[in-house]
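>>> have a look at this fold, sequence not included:
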Ligand code: AMP
């Protein structure tokens, strides 16, 4: 039966109009060198209309992709709304990629215009001559850059009317956003988000058992706006009228924590490496974090020590979330269900370090090598598959990895166990598992343990070829500064021996200065594997 309910098309426009209509006095705050920039959603709305008008004047049509190459700031937020609200596609581009990758991505997306932060102009200069479709370069600043033929954002929008009428979004399934995955194999691949998926994903983030974003919150996504839409925070925050705080390019641990303190941030989110840096700083300096009610950490596995640190010292819950660019990104979250609260702290922690139960609307299953669904007994392992209204149905304009989308499910490439309570535990990425003598060793489990060692700052475990066992684990660790001079590898091995079966114990520990990071700030194990491909195992 059709037509039971009104036919409201879910859209980014609905989010924008709601923010302006009901929360016009709430603020958007951006860190700047000369004091924080702040304005209200009412001011924001006026500028979004001017920008939307400009986009139309530039000839941007529904369905056209428009690139943004920027830090987390208020102008980027304006683009987040103006582009989809005229029916075009917001393509957020990763500012940490190399010039040739950026050329590939922008040409593949066929971006018609490129908006970029002035601080990124040197990089834009490198790839601009190779772009095939970009007709307009606009620098997000007051001053144009002649060399790039880039017009000034502020000048252009100041010439636009504030009474521009947004075209109606008549189909919620229209594309609204585009983001390329960091692509560990093959080319980077694009994922298109629709108006509907963005709206539903925003609602999911705001559910109490997810991140519970609400009007009283002051949100601060440390995760970049080019990494899966800053995990949906800008849209979800506007939907509920939360105050939004952005760090701009001030991304050092001290900058981040100062902004959290100054602006009384209540919810923040980022990858574990960010929090490792912040924990190192908090060891030596005091900050007032009393307004922070939730730290969401995801993108890589979260060590116990990180959860305990913020809980015990600051009484702030750390909640782990799992997701992917392909899943918008919210897939699952590790809240402890009330029926588990009678368990000991240690047993509860064993749930908090898992990747959690899926968000409402997201369905999960895991399949073994024969394609058979595994049992949810916490032991059996298989590749996680997901489906849901904000999970991609295919990659954009490519047949690469088309096999990942099959029977209405998306194969994530994450190897997991699922327990009887429905909690997912990521054992590894399929390509990071260590195959030792026909048995699998989880690099993630070893890393989590290493990162909880009091003398270790960063750690990654990789497979290195081994004559007898095919592969064996090699632990690469960065000691905390206080221990860098006298770091005892044997102590680390003994520590692991107390936690894992003997055959899981890495055959060697390499002490290094820094673990290479990916463009979204995760430990880059692909690069580590290349660095150690000719590693000679110690004899004996
Ligand atoms: P990306 O699309 O770049 O965000 O990468 C997605 C991948 O990050 C997933 O497939 C996982 O392998 C990994 N990932 C995301 N969240 C977590 C988490 N909480 N724990 C472990 N791995 C994670």
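Thanks, I have the structure now. Every value quoted in this text rests on a predicted model; they were computed, and no experiment measured them.
>>> taking the mean pLDDT, what do you get for the biggest helix by length in the chain?
Counting residues, the longest helix found in the chain (DSSP state H) is helix 41-57. Model confidence over helix 41-57, given as mean pLDDT, is 98.
>>> distance between it and the chain's centre?
Chain-centre distance of helix 41-57: 27 Å, with C-alpha atoms, centre = their mean, to the nearest Å.
>>> quick check: phi and psi at residue 215.
Per-residue torsions, residue 215: phi -60, psi -30 (degrees, to the nearest 10).
>>> what does this protein have sitting close to the ligand?
Within the chain, the positions near the ligand by C-beta under 6 Å from any ligand atom are 181-182, 228, 298-301, 320, 322-325, 329, 355, 412-414, 426, 429, 520. For the C-beta atoms, the positions are set from N, CA and C on the backbone; glycine is no exception.
>>> could you flag which of the residues you listed are buried?
181-182, 228, 298-301, 320, 322-325, 329, 355, 412-414, 426, 520 (16 or more other C-beta atoms under 10 Å).
>>> residue contacts, residue 163?
Residue 163 makes contact with residue 49, according to C-beta atoms under 8 Å, 6 or more residues apart in numbering.
>>> how about it, secondary structure?
Here residue 163 is recorded as coil under DSSP: H, G, I helix; E, B strand; the rest coil.
>>> again with residue 21
helix.
>>> burial of it, as a residue count?
Using other C-beta atoms under 10 Å, residue 21 has 12 neighbouring residues.
>>> give me the residues contacting the helix or strand where residue 125 lies.
Using DSSP states H and E, residue 125 maps to helix 121-127. For helix 121-127, contacts defined as C-beta under 8 Å, 6+ apart pick out 69, 95, 99-100, 102-103, 106, 114, 116, 137, 139, 145, 147-148, 150.
>>> what's the first helix or strand after that helix?
strand 136-139.
>>> show me what that next one is in contact with.
Residues from elsewhere that reach strand 136-139 (C-beta under 8 Å, 6+ apart): 58, 112-118, 121, 124, 128, 145, 148-153, 156.
>>> check which element follows it along the chain.
strand 150-152.
>>> packing partners for the helix or strand just after that next one?
The first helix or strand that comes after strand 150-152 along the chain, using DSSP H and E, is helix 153-158. Helices and strands touching helix 153-158, by 3 or more C-beta pairs under 8 Å, 6 or more residues apart in numbering; DSSP states H and E, are helix 41-57, strand 136-139.
>>> what about residue 159, how many neighbours?
10.
>>> one more: residue 376?
18.
>>> next: residue 345.
If you count neighbours by other C-beta under 10 Å, residue 345 ends up with 9.
>>> show me the contacts for it.
Contacts of residue 345 by C-beta under 8 Å, 6+ apart: none found.
>>> phi, psi of it?
Residue torsions, per degrees, to the nearest 10, at residue 345 are phi -60, psi -40.
>>> and the contacts of strand 136-139, which are buried?
Buried among the contacts of strand 136-139 by 16+ other C-beta under 10 Å: 58, 112-118, 121, 124, 128, 145, 148, 150-153, 156.
>>> confirm that residue 288 sits in a strand.
No: remark: residue 288 does not belong to a strand; assigned using three-state DSSP, it is coil.
>>> what's the burial count for residue 408?
So residue 408, with other C-beta under 10 Å, has 10 neighbours.
>>> am I right that it is in contact with residue 387?
Yes: counting by C-beta atoms under 8 Å, residue 408 does reach residue 387; the two are 5.6 Å apart.
>>> pLDDT of stretch 528-540, averaged?
The average pLDDT for stretch 528-540 rounds to 89.
>>> buried set for it?
Buried residues in stretch 528-540 (16+ other C-beta under 10 Å): 528-529, 532, 535.
>>> check stretch 283-290 too.
287, 289.
>>> with stretch 41-48 instead?
41, 44-48.
>>> same question for stretch 208-223.
Applying a neighbour-count criterion of 16+ other C-beta under 10 Å, one finds 210-213, 217-223 buried in stretch 208-223.
>>> for that stretch, measure first residue to last.
Distance across stretch 208-223, first residue to last, is 21 Å (C-alpha to C-alpha, to the nearest Å).
>>> isn't residue 359 right up against residue 211?
No: at 10.0 Å, residue 359 does not count as touching residue 211 under the criterion of C-beta under 8 Å.
>>> overlap in contacts, the two.
Common neighbours of residue 359 and residue 211 are listed as residue 333 (criterion: C-beta under 8 Å, 6+ apart).
>>> per-residue pLDDT of residue 185, please?
You'll see residue 185 listed with a pLDDT of 62.
>>> in which helix or strand would I find residue 9?
Using DSSP H and E, residue 9 falls outside every helix and strand.
>>> ok, now which ones touch it?
169-172, 195-196.
>>> got the phi/psi numbers for it?
Per degrees, to the nearest 10, the backbone of residue 9 is at phi -80, psi 120.
>>> is residue 262 in contact with residue 36, as I believe?
Yes: counting by C-beta under 8 Å, residue 36 is a contact partner of residue 262 at 7.4 Å.
>>> all strands of the stretch 401-540 of the chain, in order?
405-406, 409-418, 424-429, 434-436, 439-441, 456-466, 470-479, 508-511 (DSSP state E, counting those that start in this stretch).
>>> okay if I get these as a markdown table plus distance to residue 22 and mean pLDDT?
Formatted as a markdown table, those follow (distance: least, C-beta to C-beta, whole Å; pLDDT from 0 to 100):
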| stretch | distance to residue 22 | mean pLDDT |
| --- | --- | --- |
| strand 405-406 | 38 | 96 |
| strand 409-418 | 35 | 96 |
| strand 424-429 | 36 | 92 |
| strand 434-436 | 52 | 90 |
| strand 439-441 | 52 | 87 |
| strand 456-466 | 44 | 94 |
| strand 470-479 | 48 | 95 |
| strand 508-511 | 55 | 95 |
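>>> columns distance to residue 12 on top of the ones you listed, output as JSON lines?
Shown next, in JSON lines, are those (distance: least, C-beta to C-beta, whole Å):
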{"stretch": "strand 405-406", "distance to residue 12": "25"}
{"stretch": "strand 409-418", "distance to residue 12": "23"}
{"stretch": "strand 424-429", "distance to residue 12": "30"}
{"stretch": "strand 434-436", "distance to residue 12": "43"}
{"stretch": "strand 439-441", "distance to residue 12": "43"}
{"stretch": "strand 456-466", "distance to residue 12": "38"}
{"stretch": "strand 470-479", "distance to residue 12": "41"}
{"stretch": "strand 508-511", "distance to residue 12": "47"}
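>>> kindly state which of those strands is positioned closest to residue 242.
Nearest to residue 242 among those is strand 424-429 (28.0 Å), distances taken as C-beta to C-beta.
>>> let me see the contact set for the residue nearest the centre of the chain.
The structure's the chain has its C-alpha centroid closest to residue 227; by C-alpha atoms, centre = their mean the separation is 4.7 Å. Residue 227 sits next to 94, 179, 299, 325, 520 when contact means C-beta under 8 Å, 6+ apart.
>>> please repeat the previous calculation with a cut-off of 6 Å.
Contact analysis of residue 227 by C-beta atoms under 6 Å, 6 or more residues apart in numbering lists residue 520.
>>> just the pLDDT at it, thanks.
For residue 227, the model assigns a pLDDT of 94.
>>> strands along the stretch 151-300 of the chain, start to end?
Counting by DSSP E, counting those that start in this stretch, the strands of the stretch 151-300 of the chain are 175-180, 190-194, 218-221, 243-246, 267-270, 294-298.
>>> residues making contact with the first one?
If you take C-beta under 6 Å, 6+ apart as the criterion, strand 175-180 is touched by 12, 65, 84, 89-92, 105, 188, 190-195, 198, 228, 325.
>>> what about the residues you listed, which are in helices?
When DSSP H is applied, the contacts of strand 175-180 are split such that 12, 84, 105, 195, 198, 228 fall in helices.
>>> out of the contacts of helix 121-127, which one has the lowest pLDDT?
Minimum confidence in these sits at residue 100, scoring 89.
>>> surely that residue is within a helix?
Yes: secondary structure of residue 100, determined by three-state DSSP: located in a helix.
>>> next one: it from residue 273, what distance?
25 Å (C-beta to C-beta, to the nearest Å).
>>> before we move on, what about residue 326?
Distance from residue 326 to residue 273, by C-beta to C-beta: 21 Å.
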